[in-house]
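In: Fold the following, please.
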Amino acid sequence: QLQLVESGGGLVQPGGSLRLSCAASGFTLDYYAIGWFRQAPGKEREGVSCISSSDGSTYYADSVKGRFTISRDNAKNTVYLQMNSLKPEDTAVYYCAASGFLGLHPGLFGSWGQGTQVTVSS
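Out: Sure, this is the predicted structure:
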């Protein structure tokens, strides 16, 4: 069974940092593009970042460019999202998912994790 598990969320003050992890079980991440998405209350799920399976190409939403960095460690079967300079508007449940395609549209992705809450507040 393909499963992704997110971790690393929490409460952080504006300007702070968090690193989210997306660990895979039941399959090898090497062959999939992995995306990070978020959903705030009352809003649609939106793509945040994704990383390719092959050459490490990355995409970022404009709202997080220069602040978030996605990376993967295939040896650990894990993808990370380093989030710096966090803002209150980054508050959301963050999910990771897998795809055979590279992009930021949630419809391209499957095997969704259960999500991890990120709250940015003073």
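In: Tell me the bridge partners for the residue nearest in space to the middle of the chain.
Out: Central residue of the chain (Cα atoms, centre = their mean): Trp36, 2.4 Å from the mean position. With DSSP bridges as the criterion, Trp36 is bridged to Ser49, Cys96.
In: Quick check: which ranges of the chain have low pLDDT?
Out: Applying pLDDT under 70 to the chain flags residues 1.
In: got the residue ranges for the strands in it?
Out: For the chain, the strands defined by DSSP state E cover 3-7, 10-12, 18-25, 33-39, 46-51, 58-60, 68-73, 78-83, 92-99, 116-120.
In: These: which one's closest to Phe109?
Out: strand 92-99 (3.6 Å; Cβ to Cβ). (Glycine included, C-beta is placed from N, CA and C.)
In: From the contact counts, what lies against that closest one?
Out: Packing contacts for strand 92-99, counted by 3 or more Cβ pairs under 8 Å, 6 or more residues apart in numbering; DSSP states H and E, involve strand 3-7, strand 18-25, strand 33-39, strand 78-83, strand 116-120.
In: what packs against the second one?
Out: The contact analysis (3+ Cβ pairs under 8 Å, 6+ apart) places strand 18-25 against strand 3-7, strand 33-39, strand 78-83, strand 92-99, strand 116-120.
In: hmm, try it at 6 Å
Out: Applying 3 or more Cβ pairs under 6 Å, 6 or more residues apart in numbering; DSSP states H and E, one finds that strand 18-25 contacts strand 3-7, strand 78-83.
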